[in-house]
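S.K.: Generate a structure from the sequence data that follows.
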Amino acid sequence: MLSPQELALKAAAIALDNKGVDVVVLGLKGVSDMTDFFVIASGTSDTHVRALGEHIQAGLKKEGTSAHHVEGVQQGR
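M.R.: Numbers count the residues shown, from 1 in each chain. Predicted coordinates for the structure are as follows:
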């Protein structure tokens, strides 16, 4: 099983592999009680953003886990 940091980096790598733009992994351990990491990525269109979210979710599922919360998939923003 991957650590939270490895999962965040995996999500970022999937975003980059799918041409995500401005991919950032924010380490929030000790800053927030809600999460240890945020992965933020942009896309070139609403469709691209939705596809990025779907690819990341599928990739994490292959690792036996899922993102606790995903923003932007339904609206593509």
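S.K.: Residue for residue, what is the longest helix this protein has?
M.R.: With DSSP state H setting the assignment, residue counts place helix 46-62 as the longest helix in the chain.
S.K.: which helices and strands does that helix pack with?
M.R.: Of the remaining helices and strands, those touching helix 46-62 by 3 or more Cβ pairs under 8 Å, 6 or more residues apart in numbering; DSSP states H and E are helix 4-17, strand 37-42. (Glycine included, C-beta is placed from N, CA and C.)
S.K.: Which among these is found nearest to Ile56?
M.R.: Comparison of the helices and strands packed on helix 46-62 against Ile56 by Cβ to Cβ identifies helix 4-17 as nearest, at 4.9 Å.
S.K.: Backbone dihedrals for the residue of the chain positioned farthest from its centre, both of them.
M.R.: Here the chain reaches farthest from its C-alpha mean at Gly30, the gap being 20.1 Å by Cα atoms, centre = their mean. In terms of degrees, to the nearest 10, the main-chain angles of Gly30 are phi 90, psi -10.
S.K.: now the residue lying closest to Gly43 once chain neighbours are set aside: how far from Leu2?
M.R.: What sits nearest to Gly43 in space, not counting adjacent residues and going by Cβ to Cβ, 6 or more residues apart in numbering, is Val49, at 3.8 Å. Going from Val49 to Leu2 by Cβ to Cβ, to the nearest Å gives 24 Å.
S.K.: Out of those two, name the residue with the larger neighbour count.
M.R.: Per other Cβ atoms under 10 Å, whichever of Val49 and Leu2 has more neighbours is Val49, with 21 against 13.
S.K.: My guess is that one contacts His55. True?
M.R.: No. Val49 is not in contact with His55 according to Cβ atoms under 8 Å; the separation is 10.9 Å.
S.K.: per-residue confidence for Gly59?
M.R.: If you check Gly59, the pLDDT there is 94.
S.K.: Next up, the contacts around it.
M.R.: Neighbouring residues of Gly59 by Cβ atoms under 8 Å, 6 or more residues apart in numbering: 10-11, 14.
S.K.: Fine, thanks again, bye for now.
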